Structure formats: structure tokens, C-alpha cells
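Visitor: here's a sequence, model it:
(2 chains)
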Amino acid sequence: MVQVIEWVNPGEDEIIWRYPNEVIKWGAQLIVHEYEVAIFMRDGKVYDVFGPGRHTITTQNLPLLYKLVGGSNSPFKATVIFVSMKQFQGRYGGETQTRELAPVKYYGVYWFKVADPVLFLTEVVGGQSLYDTADVTKFIRAYFNEGMMKHLSAYSIVDLFQNLDMVSTQVKVKLMEDFRRLGLELVDVKIEGVNTTDEWRQRLFWIMQTGNAQAVMQMDTAKQVAHELGQSEGAGLGTGMVVMPQLLQQPAQPTQPAQPYAGGGVPPAGYQNPQQPAQPATQSQQQTQEICPYCGKPIPPGARFCPYCGHEIKRCPNGHIVPEGAKFCPVCGAKIE
Amino acid sequence: MGKETKLLEKIELAVPGYHGYKKKELMREDDRIIRGKVADILAMARKDMERALQRCAMVNCQQLVAIDGMRKKLIALESRVRHAEAGYSGYFDRIKVREDELNALIEYDAKLIELAQAIADAVGKLNGAIADPRNLGMAVFDLDDKLRELEETLDKRNTVLVGE
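Guide: Below you'll find the predicted structure:
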């Protein structure tokens, strides 16, 4: 009787199916459907990849031959592995930081399909026995999330919220190569949602209003310092309110609406808007007008202690004054040792 | 390698009353082979387009989303060509697919090869124009036209099978 090899009723999420019988008779009929391919392996080697249609398989399993050589156990092993070529959906989600170190949560879906069945079989399935979408997505999610975290952290929070379609396309293009290496094709990526903390949402609002992230950060620092002062022992009623004007008496940066990247769309990672004053100039300007956040009196640039109140002035590696207990500089985002 | 009929197929072609069916079957197989070739050309073009996308992301060109949209269109066309109807009709179907119709399908397939090659060339030009924003816009429009043309030809091919 002719042996017929066919993947009958594949499950919705099944990517791969191995024909359970390894003793395939000479002349067995292999039926491959339009949405799949079959990889034929003999003696441990990949011999052919069959497309849709009916194929006659020629193994060395002629009844006379294998009984002569192997007795009851045939030494001529052959394997048929079916690989589904349809599109599969995977979900992802994670947390990362933007260029300004704003915490960002993201989630969405991606669609992938097998592009190179043999590569997929050897790279992903072979050693790991992964046979359905859940297993495979678990395996590739690590690649995906790592890529997402790496690429999203190159964008600013404004780009992320204002140009989500452009960002997701750019991220997809960057992730394509990782998928190709596994024999997969990344068909599409959709970022369904991006979220940040309430605090950063407020900042985002002001950054988008003023177009000047530096000024917003300074304002934040001033508010925080005033709040801390107000809570310190011996502070009178409304101390923070009194100190606020002094903290904010630095000349305001020229307020311009957020400038889009000259080339349109989202600027590439590391892009700095030439219309905004360069970092060193702003820093030197600040250094000449530093104010002690504890007593509100002007202090010499780079001072480590306030000459009036004697308080220690904490600074980030870039020289910005930071509030006590802060782990990151609110101006430049640098980590504080 | 060569395309030849096996002994069993030769017998089938000689059997009176059956040879017509066998002949049509072979024509459908020819149609399938040509469509496979068209789909392969489109697949190569898609890979080139993905390279263009990566270059585009590198230099941050404005047409990134547009090129990605065309890539998706190309994926859809590739699948449509590869899995297009092959011209089967049931015994009681109102519209019969005869040899003439199958020949017309194969003629359309030949036209599809030309169009697919034109798409591959247009993608090549697009790749070359990534660094030149002035030419890139024109290259994008040109490719879009070519994709549309192939889509229309594919639609017309399908009208053969509905008896128009």
C-alpha cells in the first residue's frame, strides 16, 4: 500500500510539524498544501524543500534491501518536516527609557512568517524542539524586546508621542535584519500603546508647548527644591513660595515652538536641533548665575558649599546642581554616583 | 534539467476522452510555473526594497513610510500571483474554462513577467536614489505606478476566468 504523508488539520498556531514515522517507504506520496513547505531529510541531511503539490519520495527503504541489511529495524531513516508559510502574530511589551531617560512603557503586535524554512529549522527549531507559535514567539520575544529597547531609547519622548507611525516603521526596519538571521521575515510591527509616568506626561506637555526641554527641566528642579525647602525643619510657612522667584530668576531661554527635523519626520538617533543653543554655551551661562537652592543666594560657579548657608551643593558629573537624594540629574539625565 | 512528459503522462494523453483533461492539466501546470517565476522576481524586488528601506532609515529620508507601504503592497501582489486561480471549473459550472481561456491566462502570465521585471528595475532605481531627495520622490511615484499596473493586469487576468 502506498504511504501518504500529509499534514492534516494543522492547528491555528502551529508553525512546524514533524511526520512521526521515520521509516518512509520507497515511493511514498508526499502531499504539500499551498500554505506550507515540506523539508525532506535523509540520513540526517536536508535533501530537498518541497513546495505545494504531490511528490514521490525515494528513500532507500526498499523492503528487500532493509530486511537484508537491518533486519526488523531499518537503518535508512528519513524525516519529513512541514513548515507553515502563513503569517503569525506575536505580541510584545516592555519598558525602556527615551533619550532624556524618561521611563516609557510600550506594547504592541508584530507579524512574522517563515522566509527560509531550512534556516529556520536549523537556527530556531532544530535544537530547541519549538513547534508552535507560543514557543517560537517566546524564543524571538527576547530578540524583539532587546531590539525595541535599544532602538526606542534613541528617540526623544516628543518624537515617540508625536510621530509614532514613523518611529514604529524605523524600528521595524532596524529589527528586520535580526529576524532574517533566524530565517524569519518581519512583515509588520504596530506599536499599540506608549505610556509614561504622570510626571513625564506633564513635562512632555510643557516641552511641546515651549519647545525648550532645558527650561522645563530647570523649572522642575526649582519646583522640587522649593518643595523640599518647604518641608525642611524650621522652614516658615510658604518658604518654598518665597524661594521660588529666586530660583527662577535665571533668564528664560528663548521660547520657540518645537522645531521639527529639517528633513521631515523623526530625526535620526543622536540628532541635535541646530536651532537650539548648544549644550556647552547653556552650561557656561548657567555657571555664571548659580544660586544656592537652600538659601537662594548667588554662589560662585562650581562651588561645592554655599558660602552663605554652608550647605553642600550636590552636582551631577556635568556640573548641574541636583537636589539631595536624586539618582539622576533632572537637567541632563546623567546618573549620580 | 528539462521539462518532459513521463510515460504515464504520455499514455494519459493518448487515451481517448481523457487526453483533453490531461492537456489542460499540463497547461495549468505551465501557468503555475510561469506565475512562480513572476512571484520569484517580485520576491527579489521585495528584498531589494527592504535594502532600500534600511538605507532610508540610515539617512532618515522622508519617504520611509511610503516605501514601507509599497513593500506591503509588493508582499500582497507576490502572494496574489503565486496563489492565483489556475482555471479549474466544475462539471456543472455555468462558466467553463476551455483551452482558449487557459492560453489567455498564460499570455497574461507572460505580460506579468515583463511587469515584474519593470518593478524590479524600478526598485533598483529607488535604491540608487535614496541619497538624492530630489530623485527619490520621482522614483517612489514611478514604482507606485508600476505596482498599480501589475495589480490591474492581475485583475484583468482574473476576468478571463469569470467569462468576461
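Visitor: starting at the chain centroid, how far to stretch A:26-41?
Guide: In terms of CA atoms, centre = their mean, to the nearest Å, the centre of stretch A:26-41 is found 38 Å from the chain centre.
Visitor: wondering if stretch A:79-89 reaches chain B at all.
Guide: No: using CB under 8 Å from any CB of the partner chain, we find that stretch A:79-89 stays clear of chain B, coming within 9.5 Å at best. C-betas here are computed from N, CA, C, even on glycine.
Visitor: what is the burial count for B:Gly17?
Guide: 6 (other CB atoms under 10 Å in any protein chain shown).
Visitor: assign a three-state SS to it, would you?
Guide: Classification of B:Gly17 using DSSP: H, G, I helix; E, B strand; the rest coil returns coil.
Visitor: separation between it and chain A?
Guide: Per CB to the nearest CB, to the nearest Å, B:Gly17 is found 23 Å from chain A.
Visitor: phi and psi next, for that residue.
Guide: As for B:Gly17, its main-chain torsions (degrees, to the nearest 10) stand at phi 80, psi -10.
Visitor: low pLDDT regions in the chain?
Guide: Answering for chain A, as no chain was given. By pLDDT under 70, the low-scoring segments of chain A are A:61-72, A:127-131, A:208-211, A:213, A:226, A:229-289, A:295-297.
Visitor: you answered for a different chain; I wanted chain B.
Guide: Across chain B, residues meeting the criterion (pLDDT under 70) sit at B:1-5, B:89-95, B:162-164.
Visitor: how about the helices in it?
Guide: B:7-14, B:19-59, B:64-82, B:99-129, B:133-161 (DSSP state H).
Visitor: give me the angle between the longest one and helix B:133-161.
Guide: Here helix B:19-59 points in a direction 160 degrees away from that of helix B:133-161 (axes from the mean of the first three to the mean of the last three CA atoms, to 10 degrees).
Visitor: what helices or strands is helix B:19-59 leaning on?
Guide: Judged by 3 or more CB pairs under 8 Å, 6 or more residues apart in numbering or on different chains; DSSP states H and E, helix B:19-59 is in contact with helix A:164-181, helix B:7-14, helix B:64-82, helix B:99-129.
Visitor: how close does A:Asp198 sit to chain B?
Guide: 31 Å.
Visitor: neighbours of that residue, just the number please.
Guide: For A:Asp198, the count of nearby residues is 7 (other CB under 10 Å).
Visitor: where's it relative to A:Lys327, distance?
Guide: Taking CB to CB, to the nearest Å as the measure, A:Asp198 and A:Lys327 are separated by 18 Å.
Visitor: now the residue of the stretch 1-150 of chain A found nearest chain B: closest residue in space, sequence neighbours ignored.
Guide: Ranked by CB to the nearest CB, the top residue of the stretch 1-150 of chain A for proximity to chain B is A:Glu34, at 5.9 Å. Nearest non-adjacent residue to A:Glu34, counting by CB to CB, 6 or more residues apart in numbering or on different chains: A:Pro52, 4.7 Å away.
Visitor: the one you found: neighbouring residues, count only.
Guide: Using other CB under 10 Å, A:Pro52 is surrounded by 18 other residues.
Visitor: could you dump the helices of chain B to TSV with mean neighbour count?
Guide: Output for these, formatted as TSV (neighbours: other CB atoms under 10 Å in any protein chain shown):
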stretch	mean neighbour count
helix B:7-14	12
helix B:19-59	18
helix B:64-82	19
helix B:99-129	18
helix B:133-161	16
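Visitor: quick one: contacts for B:Glu99?
Guide: By CB atoms under 8 Å, 6 or more residues apart in numbering or on different chains, the residues touching B:Glu99 are B:23-24, B:27.
Visitor: ok, now with 7 Å
Guide: By CB atoms under 7 Å, 6 or more residues apart in numbering or on different chains, B:Glu99 lies in contact with B:24, B:27.
Visitor: can you pull the residues of chain B lying near chain A?
Guide: B:50, B:53-54, B:57, B:60, B:62, B:64-65, B:68, B:75, B:83 (CB under 7 Å from any CB of the partner chain).
Visitor: name the element A:Thr56 belongs to?
Guide: A:Thr56 belongs to strand A:53-57 when assigned by DSSP states H and E.
Visitor: other SSEs contacting that strand?
Guide: With contacts taken as 3 or more CB pairs under 7 Å, 6 or more residues apart in numbering or on different chains; DSSP states H and E, strand A:53-57 sits against strand A:28-32.
Visitor: buried stuff in the strand it packs on?
Guide: Neighbour-count burial for strand A:28-32 flags A:28, A:30, A:32 (criterion: 16 or more other CB atoms under 10 Å in any protein chain shown).
Visitor: then stretch A:33-46?
Guide: When burial is assessed from 16+ other CB under 10 Å, stretch A:33-46 yields the following buried residues: A:33, A:36-42.
Visitor: between those, which sits nearest A:Ala142?
Guide: The shortest separation between A:Ala142 and any of these is 25.3 Å, and it belongs to A:Ile39 (by CB to CB).
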